[in-house]
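# build me a structure from this.
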Amino acid sequence: MAVEKMALAKAINESLRTALDADPKVLIMGEDVGKLGGVFRVTDGLQKDFGEDRVIDTPLAESGIVGTAIGLALRGYRPVVEIQFDGFVFPAYDQIVTQLAKMHARALGKIKLPVVIRIPYGGGIGAVEHHSESPEALFAHVAGLKVVSPSNASDAYWMMQQAIQSDDPVIFFEPKRRYWDKGEVTTDAIPGPLHKAVVARGGSDLTLAAYGPMVKVCLEAAAAAQEEGKSIEVLDLRSMSPIDFDSVQASVEKTRRLVVVHEAPVFLGTGAEIAARITERCFYHLEAPVLRVGGYHAPYPPARLEEEYLPGLDRVLDAVDRSLAY
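Numbers count the residues shown, from 1 in each chain. I've put the predicted structure just below:
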């Protein structure tokens with residue numbers, strides 16, 4: 001079994017390299033993904049090894065990048081598109097929602113659109129406006145798109161492989177504040193399904209459900225709560241569309257309490273859908289209402305204020321205490 005310790009960004013790089021090597025129809029496109037290797041160096045070295053026809057530096061035009069990727073997918077390619085930062089995706093939102101998400105249904109299933117759109121997202125890096133947003137709910141709401149986010153290096157490696165192999169369009173949100181977090185990656189053992197949630201830490205008193213950048217915060221909260229005698233289960237959702245409600249339900253039926261955590265604003269966020277569904281499914285199991293912890297319903301603040309905006313250990317533990325107090 002080949003096990004290697006690597007940063008999350010390096011795991012994505014290795015996954016892209018593996019995909020490029022395995023399938024000549026896989027292409028990478030985006031702003032500065034070639035010679036520079038991307039602003040976070042996630043595509044570093046790939047153009048040098050696979051050439052400018054496979055790793056393509058594009059103009060600064062997100063709508064054009066995604067539109068070109070759609071055309072390539074219709075011709076049998078599997079393009080992987082990088083949107084440089086989360087807030088830059090909106091010029092391409094029309095292409096994604098009105099074309100990419102709908103063409104399969106529009107063609108009565110006769111055509112497939114195997115496009116992966118990589119989006120570094122979330123805060124915590126001290127960036128300027130439009131560089132730290134969490135717009136995942138805007139995409140999860142759109143039928144025809146799959147939306148996922150890894151929280152660790154191993155998932156980053158394998159989920160990218162699975163996303164590229166999928167015949168459906170996948171929006172792949174990469175937690176940029178976790179790019180440099182290292183973890184063990186097993187490159188020869190295929191894990192479970194792409195959209196399956198996993199228990200990151202077992203517990204019996206309460207379930208913390210999170211994805212992407214907040215899984216680490218929830219694990220830290222569970223460790224802190226253990227010192228006070230509380231047993232907290234941490235569920236890594238991994239996918240925002242579809243959501244693995246069965247795994248959430250199984251956890252909640254055991255712990256009888258649920259707190260959902262994400263960086264995105266709580267208002268109309270992923271946590272709202274999970275709270276509604278689990279309340280429907282687990283009403284007679286719940287000992288407390290489902291609580292949500294997230295960002296505020298306000299534009300993302302300047303970098304010097306982002307730690308006040310982002311949900312951290314204290315806000316998660318406060319929600320844990322409020323739930324356990326019922």
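
# what sits against residue 164?
Contacts for residue 164 (Cβ atoms under 8 Å, 6 or more residues apart in numbering) come out as 19, 23, 26, 78, 80, 114, 116. Using the backbone N, CA and C atoms, a C-beta is placed for each residue, glycine as well.

# now do the longest strand seen in the chain: distance to the chain's middle.
For the chain, the strand reaching the highest residue count under DSSP state E is reported as strand 258-265. Here strand 258-265 is found 13 Å from its chain centre; the criterion is Cα atoms, centre = their mean, to the nearest Å.

# would you map the helices across the stretch 1-150 of the chain?
Assignment of helices within the stretch 1-150 of the chain using DSSP state H, counting those that start in this stretch yields the ranges 8-22, 46-50, 62-74, 93-94, 103-106, 136-140.

# how about the strands in the stretch 201-326 of the chain?
Taking DSSP state E, counting those that start in this stretch as the criterion, the stretch 201-326 of the chain carries its strands at 206-210, 232-236, 239-241, 258-265, 291-295.

# between those strands, which gets nearest to residue 72?
When the strands of the stretch 201-326 of the chain are compared by Cβ to Cβ, strand 239-241 sits nearest residue 72, at 23.4 Å.

# coming back round to it: tell me the mean pLDDT for the longest strand of the chain?
Average pLDDT, strand 258-265: 98.

# same question, stretch 90-105
Computed over stretch 90-105, the average pLDDT equals 97.

# now do stretch 214-225
In this model, stretch 214-225 carries a mean pLDDT of 98.

# of the contacts of residue 164, buried ones?
Among those, those classed as buried by 16 or more other Cβ atoms under 10 Å are 19, 26, 78, 80, 114, 116.

# dump those to JSON lines, plus pLDDT and distance to residue 326.
Output for the buried ones among the contacts of residue 164, formatted as JSON lines (pLDDT from 0 to 100; distance: Cβ to Cβ, whole Å):
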{"residue": "19", "pLDDT": "97", "distance to residue 326": "47"}
{"residue": "26", "pLDDT": "98", "distance to residue 326": "50"}
{"residue": "78", "pLDDT": "98", "distance to residue 326": "49"}
{"residue": "80", "pLDDT": "98", "distance to residue 326": "45"}
{"residue": "114", "pLDDT": "98", "distance to residue 326": "46"}
{"residue": "116", "pLDDT": "98", "distance to residue 326": "42"}
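
# just those now: which is nearest residue 92?
Out of the buried ones among the contacts of residue 164, the member with the shortest distance to residue 92 (by Cβ to Cβ) is residue 116, at 13.5 Å.

# report the contact partners of the closest one.
Going by Cβ under 8 Å, 6+ apart, residue 116 touches 78-81, 160, 163-164, 166, 169-170, 172.

# am I right that residue 155 falls within a strand?
No. Checked against DSSP: H, G, I helix; E, B strand; the rest coil, residue 155 lies outside a strand; its state is helix.

# tally up the residues packed near the nearest residue to it once chain neighbours are set aside, please.
Spatially, and ignoring its direct neighbours in sequence, residue 155 is nearest to residue 238 (6.4 Å; Cβ to Cβ, 6 or more residues apart in numbering). The tally of other residues near residue 238 (other Cβ atoms under 10 Å) stands at 27.

# tell me the contacts of residue 238?
Under the criterion of Cβ under 8 Å, 6+ apart, the neighbours of residue 238 are 148-151, 155, 159, 194-198, 211, 244.

# pLDDT score assigned to residue 1?
Confidence for residue 1, expressed as pLDDT, is 62.

# again with the one 10 residues further on
pLDDT, residue 11: 97.

# mind checking how far it is from residue 239?
Using Cβ to Cβ, to the nearest Å, residue 11 is found at 18 Å from residue 239.

# how is this protein divided into domains?
Following automatic domain parsing, one gets these domains for the chain: 3-186, 198-324.

# can you get me a residue count around residue 20?
Around residue 20 there are 21 residues (other Cβ under 10 Å).

# in a markdown table: the contacts of residue 116, plus distance to residue 276.
As requested, those are exported to a markdown table (distance: Cβ to Cβ, whole Å):
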| residue | distance to residue 276 |
| --- | --- |
| 78 | 35 |
| 79 | 35 |
| 80 | 33 |
| 81 | 32 |
| 160 | 30 |
| 163 | 27 |
| 164 | 32 |
| 166 | 27 |
| 169 | 26 |
| 170 | 25 |
| 172 | 26 |
